[in-house]
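**Q** Here is my input, please return the structure:
(2 chains)
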Amino acid sequence: MCRVVDLQQAVLARNDETAHALRASLAARGTTVVNLLSSPGSGKTALLEHELALARERGVPVAALTADLATENDADRLARSGVPVKQVLTDGLCHLEAGMLARHLEGWLPDPTRLLFVENVGNLVCPASYDLGETLRVVLASVTEGEDKPLKYPTAFGLAHVVVVTKTDIAEAVAFDEAAFRANVERVNPGVDVLLTSVRARQGLGILLDRALAAAEGAPPHSPVMARQAVHGHEHGHGHGLGHEDGHGHGHGHEPHHTPLPSRS
Amino acid sequence: MHEMSIALAVIGQVEEAARRAGDVTAVHTVCLEVGELAGVVPDSLSFCFELACAGTVLEGAELVADTVPGRARCAPCAHEWAVGMPPSLSCPNCGGGTTDLLSGRELRITSVRWEDGGTPAPTREPIVEER
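**A** Coordinates of the predicted model:
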């Protein structure tokens, strides 16, 4: 017979559960994940190259995983820093999911790793919806991308713990309006920090590493309004990172299908 | 375009629910709530859903997506507003940034309409092997 069944399930519940489990299992081994999101060409790799090299100089055990649709170019660049780097090819998929990340970490993530930087696929739409078990989500935009980028991609900027502006050395040449950019960020994510960086002009270098280390030490990250929706029913966390003061996301009596760091032969 | 991944997640969850129910023969409708701020395009999701349902118990099922507008409430002054798109998440009344989002991030399956072999019992006589 024809029947209407009340399901009430969050569509991304499984990803969120996997992300929670991954966050917990990585925390148990002392690893904090930093998820980097931006458009293609925003300068994620250049900034990360620098921060990884700096971490190595300071003796902080870090690793990086970089995701692209194709080529190992980014991994080759990041590996020059001398820290462990892994390239993930998504074969056309526009984002990473928590389960994919967990599989790629299995058997690779060196012990000890204090910070794991995940350079997501260059895309401001799709990766925004997927919690990867990160503690710090960093969204980057270069000065060439227009001041209204945060308004065009509100989910990405709205869920950021930190916003990083890159390539400030050419800000004047492209007439970047910093105040307008900041106002647009503030509109979708009130209170989030906006950091200015330029690898070429050596502005703001080390600040990403410092923020990541602070998060690893347990400093509570910024709490975006967009991640603060009150949840009801069986729905799992919209929030990203730690510090879920409302306590959602755990113990709702879901079927146990947590697979932290599942192995793949 | 992650709508295909979302469509596959929806299908996976409905398939699992159907398996648990045990005797589902066809799924007619899947109802979703999609918040304005969920970062998902309902039209694109419907397109992907139709393609991805092929060969599953959901083949031919209709996806009904209800859009949920984004609403927020200011914690200090209790003002409530529609956040719009792109959203304004600072309080338009007092300028405060300690806002609670009341709705807009939903991405959930609310209900499913399916065909199952449950009561009332089939009218035909059971064949010998079923006795």
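**Q** Now do the helices in chain B.
**A** Using DSSP state H, the helices of chain B run over residues B:3-21, B:42-53.
**Q** Now do the last one against helix B:3-21, angle only.
**A** Between the direction of helix B:42-53 and that of helix B:3-21, the angle (axes from the mean of the first three to the mean of the last three C-alpha atoms, to 10 degrees) works out to 50 degrees.
**Q** Can you spell out which helices and strands pack onto helix B:42-53?
**A** Other elements packing on helix B:42-53 under the criterion 3 or more C-beta pairs under 8 Å, 6 or more residues apart in numbering or on different chains; DSSP states H and E are helix B:3-21, strand B:24-35, strand B:62-68. For every residue, glycine as well, the C-beta is placed using N, CA and C.
**Q** low pLDDT regions in the stretch 151-265 of chain A?
**A** In the predicted model, the stretch 151-265 of chain A carries pLDDT under 70 at residues A:230-265.
**Q** for the single nearest residue of it relative to chain B, helix, strand, or coil?
**A** In the stretch 151-265 of chain A, the residue found nearest to chain B is A:Pro190; the distance is 3.0 Å by C-beta to the nearest C-beta. Assigned state for A:Pro190: coil (three-state reduction, DSSP: H, G, I helix; E, B strand; the rest coil).
**Q** Would you check that it makes contact with B:Gly95?
**A** No: the pair formed by A:Pro190 and B:Gly95 falls short of the contact definition of C-beta atoms under 8 Å, at 9.3 Å.
**Q** Of the two, give the one with the bigger neighbour count.
**A** For A:Pro190 versus B:Gly95, neighbours defined as other C-beta atoms under 10 Å in any protein chain shown are more numerous around A:Pro190 (20 against 11).
**Q** OK, contacts around the more buried one?
**A** For A:Pro190, the set of contacting residues under the criterion of C-beta atoms under 8 Å, 6 or more residues apart in numbering or on different chains consists of A:Val225, B:Leu89, B:Ser90, B:Gly97, B:Thr99.
**Q** Just send those back as CSV, with neighbour count and distance to A:Ala156 too.
**A** Listed next are those as CSV, based on neighbours: other C-beta atoms under 10 Å in any protein chain shown; distance: C-beta to C-beta, whole Å:
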residue, neighbour count, distance to A:Ala156
A:Val225, 24, 14
B:Leu89, 27, 14
B:Ser90, 21, 18
B:Gly97, 17, 19
B:Thr99, 23, 19
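**Q** Just the residues contacting stretch A:91-107, thanks.
**A** Residues lying outside stretch A:91-107 but in contact with it, judged by C-beta under 8 Å, 6+ apart, are A:14-16, A:18-19, A:22, A:26, A:65, A:67, A:69, A:86, A:88, A:90, A:116, A:118, A:120-121, A:123, A:125-127, A:129-133, A:259-264, B:1-2, B:5.
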